[in-house]
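K.L.:
Let's see this in three dimensions:
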Amino acid sequence: MERAGRDLAAEGDARLLVLPGRPLLGPEHLADGLHPNDAGHARMAHAVAEALRAP
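P.N.:
Numbers count the residues shown, from 1 in each chain. Next up is the predicted model:
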């Protein structure tokens with residue numbers, strides 16, 4: 001999914017921003033090895049908020 005998002009952004013979709021998940025979430029942030037737990041959701045929310053704040 002990240003590759004598809006980067007490809008679309010590279011094709012000129014200026015409204016699209018890709019936040020890579022691999023460096024954002026570790027195993028300790030996943031409830032079942034796939035889906036984020038509360039700490040994972042908090043990390044994702046923080047990353048999105050920071051990306052929206054960026055100029």
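
K.L.:
In stretch 42-55, which residues are buried?
P.N.:
By neighbour count on 16 or more other CB atoms under 10 Å, the buried set for stretch 42-55 is 43-44, 47. Just so you know, the C-beta spots here come from the backbone N, C-alpha and C atoms, and that holds for glycine as well.

K.L.:
So which of the residues you listed sit within helices?
P.N.:
Residues of these located in helices (DSSP state H): 43-44, 47.

K.L.:
Pick out whichever of those sits closest to residue 36.
P.N.:
Closest approach between those and residue 36, by CB to CB: residue 44, at 6.4 Å.

K.L.:
center of this structure, which residue is that?
P.N.:
In the chain, the residue lying closest to the centroid (CA atoms, centre = their mean) is residue 19, at 3.5 Å.

K.L.:
what about the residue nearest to that one when sequence neighbours are not counted, distance to residue 4?
P.N.:
Nearest residue to residue 19, sequence neighbours excluded (CB to CB, 6 or more residues apart in numbering): residue 47, at 5.3 Å. For residue 47, the distance to residue 4 equals 19 Å [CB to CB, to the nearest Å].

K.L.:
Burial check on residue 29, number of neighbours?
P.N.:
Residue 29 is flanked by 18 other residues according to other CB atoms under 10 Å.

K.L.:
what sits against the closest residue to it other than its chain neighbours?
P.N.:
Distances taken as CB to CB, 6+ apart put residue 40 closest to residue 29, at 3.4 Å, once the chain neighbours are dropped. Each residue near residue 40 by CB atoms under 8 Å, 6 or more residues apart in numbering is listed here: 25, 29-31.
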